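[1] sequence plus predicted model, see below.
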2 protein chains.
Amino acid sequence: MGNLADRIEEYLKQTLEQTSVGYIILQRSELAGEFSCVPSQINYVLDTRFTVERGYLVESRRGGGGYLRIIRLGLGLEGQYQQVMRQLIGEQLSRERSNGLVDRLMEEELITIREAAMIKCVLSGKDLAGKFRDWDVLRACLMNSILTTLSREDLDKEGS
Amino acid sequence: MGNLADRIEEYLKQTLEQTSVGYIILQRSELAGEFSCVPSQINYVLDTRFTVERGYLVESRRGGGGYLRIIRLGLGLEGQYQQVMRQLIGEQLSRERSNGLVDRLMEEELITIREAAMIKCVLSGKDLAGKFRDWDVLRACLMNSILTTLSREDLDKEGS
DNA sequence: TGCTAGAAGGTCAGGAAAGGTCAAAGACGA
DNA sequence: TCGTCTTTGACCTTTCCTGACCTTCTAGCA
């Protein structure tokens, strides 16, 4: 474990452990400075270790005052569901199946009625009949995005 | 939020919150003085943060006795906001604009933080880069679907 | 009335301050 | 030795901030 990427990964995960808000914010160049490496090394670590599959989401902003924000995705009760769901989704997703999944999420009280309605409506493709092909592929992508958002630890169902 | 533009934005929004008339009037140079920056910085903030998508209108007048007036567009009840929004959406919708709209819906408390995150994530198109063309058209369609759901009277924000 | 100075705000280009991308070189294990 | 993982550096894009210069409006004065 002497290698740089592993050490940076370790450091970030430890910092993430300690926070209660579910995310950390940092500056790429600053972190690179601490580890005496080039900034792009940080991207390498983020790209390879902090992926959605591994339970993390990374947001960033460029320009003056820019930052990186690493968000923890839940792996608890809700997370288990997620993994199963993702397997069920696969590359393509029909409307029937997506509706089924959404209903399950609602029954488990992982999403509200309103969220369910919104998701179903978006995935129905009603408003764009004919405009796009590969709608089943698109639906799978969208459903995945939604699941990722749902497991963000910095958000809870209560909302604001 | 160490950066200047964000701080000015914050300040203006707070001032707007506190007023009851729905707008504020101020002098560009004076505000610039308070933040110790050049006047054109104020324009930058107005141009990037107080756009129509985000629910603001800026009027101004030059010359002696000139001023800036920032108006917060109210969205009223009865689905008035829908009409405004739909006009703003049109046939195509860029990501910047959709993010503005979503922020606006959240500020108006028409959607929760979680719903906002979900919508943004879906509209970001991050997970399906390259897989689809006409993403701006698709985004417009999806946003319209979402608005439709939001206007359903049988659902309220509290959800289940 | 017509002119003009001064007092606003507007525009635009350039530089600075972030983060992003990509390919090539290096390191390391099977 | 081959292939994969790591590391680096050159170059790119986005966002922010400043300053020089422009336009518009009011007021005062001849």
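    Thanks, I have the structure now.
[2] and the nearest residue to A:Tyr23 once chain neighbours are set aside, what element?
    Excluding its sequence neighbours, the residue lying closest to A:Tyr23 (CB to CB, 6 or more residues apart in numbering or on different chains) is A:Ile71, at 4.3 Å. Glycine gets a C-beta too; all of them are placed from N, C-alpha and C. Element membership for A:Ile71, per DSSP states H and E: strand A:67-72.
[3] does that strand come close to DNA strand C?
    Yes - Strand A:67-72 comes into contact with DNA strand C (CB under 7 Å from any atom of the strand), by way of A:67-68.
[4] please identify the buried residues of that strand?
    A:67-68, A:70-72 (16 or more other CB atoms under 10 Å in any protein chain shown).
[5] what helix or strand is A:Gln41 on?
    Going by DSSP H and E, A:Gln41 is part of helix A:39-49.
[6] between that helix and strand A:67-72, how big is the angle?
    Put simply, helix A:39-49 runs at 20 degrees to strand A:67-72, going by axes from the mean of the first three to the mean of the last three CA atoms, to 10 degrees.
[7] against which helices or strands is helix A:39-49 packed?
    On a contact count with 3 or more CB pairs under 8 Å, 6 or more residues apart in numbering or on different chains; DSSP states H and E, helix A:39-49 meets helix A:4-18, helix A:28-34, strand A:67-72.
[8] so which of those is the most surrounded?
    Highest mean neighbour count of the helices and strands packed on helix A:39-49: strand A:67-72, a mean of 19 (counted as mean count of other CB atoms under 10 Å in any protein chain shown).
[9] which strands border that strand, and is each parallel or antiparallel?
    Under the criterion DSSP bridges, strand A:67-72 sits next to strand A:23-26 (antiparallel), strand A:56-61 (antiparallel) in its sheet.
[10] mind checking the SS state of the nearest residue to A:Glu91 once chain neighbours are set aside?
    Excluding its sequence neighbours, the residue lying closest to A:Glu91 (CB to CB, 6+ apart) is A:Ala140, at 6.0 Å. Of the three states, A:Ala140 takes helix according to DSSP: H, G, I helix; E, B strand; the rest coil.
[11] looking at it, A:Ala140 is touching A:Ile89, isn't it?
    Yes - counting by CB atoms under 8 Å, A:Ala140 sits close enough to A:Ile89 to count as a contact (5.2 Å).
[12] compare the two (neighbour count), which wins?
    Neighbour count, other CB atoms under 10 Å in any protein chain shown: between A:Ala140 and A:Ile89, A:Ala140 has more, with 23 against 18.
[13] and for A:Ser36, the neighbour number?
    Residues contacting A:Ser36 under the criterion other CB under 10 Å number 8.
[14] check the gap between it and A:Thr149 for me.
    36 Å (CB to CB, to the nearest Å).
[15] for chain A, name the helix or strand with the lowest mean pLDDT.
    Of all helical and strand segments in chain A, the minimum by mean pLDDT, DSSP states H and E falls on helix A:77-89, at a mean of 67.
[16] after that helix, which helix or strand is next?
    Counting by DSSP H and E, the element that comes right after helix A:77-89 along the chain is helix A:95-107.
[17] low-confidence regions, chain A specifically.
    For chain A, the stretches flagged by pLDDT under 70 are A:1, A:75-83, A:127-131, A:156-160.
[18] around DNA strand D, which positions in it sit nearby?
    For chain A, the residues in contact with DNA strand D (CB under 7 Å from any atom of the strand) are A:3-6, A:37-38, A:40-41, A:44, A:48, A:61-66.
[19] tell me which of those is nearest to DNA strand D?
    When the residues of chain A next to DNA strand D are compared for distance to DNA strand D (CB to the nearest atom of the strand), A:Gly63 wins out at 2.2 Å.
[20] secondary structure class for the closest one?
    coil.
[21] tally of neighbours for it?
    A:Gly63, neighbours per other CB under 10 Å, totals 7.
[22] how close does it sit to DNA strand C?
    Distance from A:Gly63 to DNA strand C, counting by CB to the nearest atom of the strand, to the nearest Å: 4 Å.
[23] could you do A:Glu115 as well?
    A:Glu115 sits at a distance of 28 Å from DNA strand C (criterion: CB to the nearest atom of the strand).
[24] thought that residue was touching B:Glu115?
    Yes - at 6.3 Å, A:Glu115 counts as touching B:Glu115 under the criterion of CB under 8 Å.
[25] if we can go back for a sec, quick one, what contacts the residue nearest to A:Tyr23?
    Residues near A:Ile71 by CB atoms under 8 Å, 6 or more residues apart in numbering or on different chains: A:22-23, A:56-59, A:152-154.
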